[in-house]
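J.: give me a model of this one.
(one chain, ligands or ions: 1)
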Amino acid sequence: MSADPNLRREIPDATVARLPEYLRTLSRLAEDGVLSVSSEELAAAVGVRSAQLRKDLSHLGSYGVRGVGYEVETLALEISRALGLTEDWPVAIVGMGNLGHALASYSGFVTKGFRIVGLFDDDPALAGQHVVGVPIRPLADLPACQVADPVSIGVIATPARAAQAVCDSLVAVGVTSILNFAPAVLTVPEGVDVRRVDLSTELQILAFHAQRKSLAAGDGDLRSVVSQ
Ligand SMILES: NC(=O)c1ccc[n+]([C@@H]2O[C@H](COP(=O)([O-])OP(=O)(O)OC[C@H]3O[C@@H](n4cnc5c(N)ncnc54)[C@H](O)[C@@H]3O)[C@@H](O)[C@H]2O)c1
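T.: Numbers count the residues shown, from 1 in each chain. Below you'll find the model as predicted:
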């Protein structure tokens, strides 16, 4: 049942994208005192086929036990390890407006191994304020902070027009993982990973599917509204 850390790099991206969902479900089961779970039960709870789940978990070297299934805590630990969540990930957030405040205050980060070590904003009115015990500093302080407590992951929550410059500042101090909330496409050197979170894209995809369902149900009114 143990996962070989060397297998990490061989886990397909599509599987990696499903692992957080498996982990979330396993954590809920553990909280409910469930000790073991079959692949069918876990797959149903997550909303994937059980063959898919078994294949995903086999990439971690985790095959379960016939007739018993998977031990909930062991599997949760294996997935956490595969995702790198058993390590400590120091995070800096740049842009401490509405979104930056909400992200910094989200306690779920802490329990998943992400530790906020730096909060940055160029608005002098925010300088010196504390969120979750961390002071907000101007971005010019980033290099000094990087020496004191190096950042692994940078989160960009500034307006789009500032995002590339902020990204460059993060890359300049050696940050190689960036989560970008700004609606801007960032250019980064090789070896730097950028993931973009875009709520409006997700909403547009939902709207597309909602429209499809309405059209399939013969809702002619919506068709005329959409085509205007
Ligand atoms: N991805 C999503 O789903 C999602 C959701 C909401 C908002 N957003 C985006 O997140 C960003 C932040 O949104 P918000 O509502 O928090 O905006 P906001 O205006 O409340 O906050 C932006 C903050 O960035 C700071 N800032 C601007 N330029 C900076 C720079 N060069 N260096 C450091 N700090 C700088 C500003 O002083 C401000 O405090 C926007 O780009 C917005 O479009 C994304």
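J.: all contacts plus neighbour counts: C-alpha atoms, from now on.
T.: Will do.
J.: so residue 154, which of the three states?
T.: Three-state call for residue 154 (DSSP: H, G, I helix; E, B strand; the rest coil): strand.
J.: okay, now residue 104: neighbour count?
T.: Per other CA atoms under 10 Å, the neighbour tally for residue 104 reads 22.
J.: with residue 170 instead?
T.: 26.
J.: could you do residue 157 as well?
T.: Look at residue 157: counted by other CA under 10 Å, it has 26 neighbours.
J.: residue 173 now?
T.: Here the count is done by other CA under 10 Å, and residue 173 has 16 residues near it.
J.: ok, it to residue 99 distance?
T.: Per CA to CA, to the nearest Å, residue 173 is found 23 Å from residue 99.
J.: domain parsing for this structure?
T.: 5-83, 89-197, 200-228 (automatic domain parsing).
J.: let's have those in CSV, adding mean pLDDT and distance to the ligand.
T.: Converted to CSV, those look like this (pLDDT from 0 to 100; distance: least, CA to the nearest ligand atom, whole Å):
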stretch, mean pLDDT, distance to the ligand
domain 5-83, 88, 18
domain 89-197, 94, 3
domain 200-228, 74, 6
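J.: test my guess that residue 76 contacts residue 26.
T.: Yes: using CA atoms under 8 Å, residue 76 makes contact with residue 26 at a distance of 6.0 Å.
J.: quick one, what contacts the nearest residue to residue 21 once chain neighbours are set aside?
T.: Nearest residue to residue 21 in three dimensions, chain neighbours excluded: residue 46, at 6.7 Å (CA to CA, 6 or more residues apart in numbering). Under the criterion of CA atoms under 8 Å, 6 or more residues apart in numbering, the neighbours of residue 46 are 21-22, 25.
J.: now do the helices in this structure.
T.: With DSSP state H as the criterion, the chain has helices at 13-31, 39-46, 50-58, 72-83, 98-105, 108-111, 142-148, 160-172, 199-216, 220-226.
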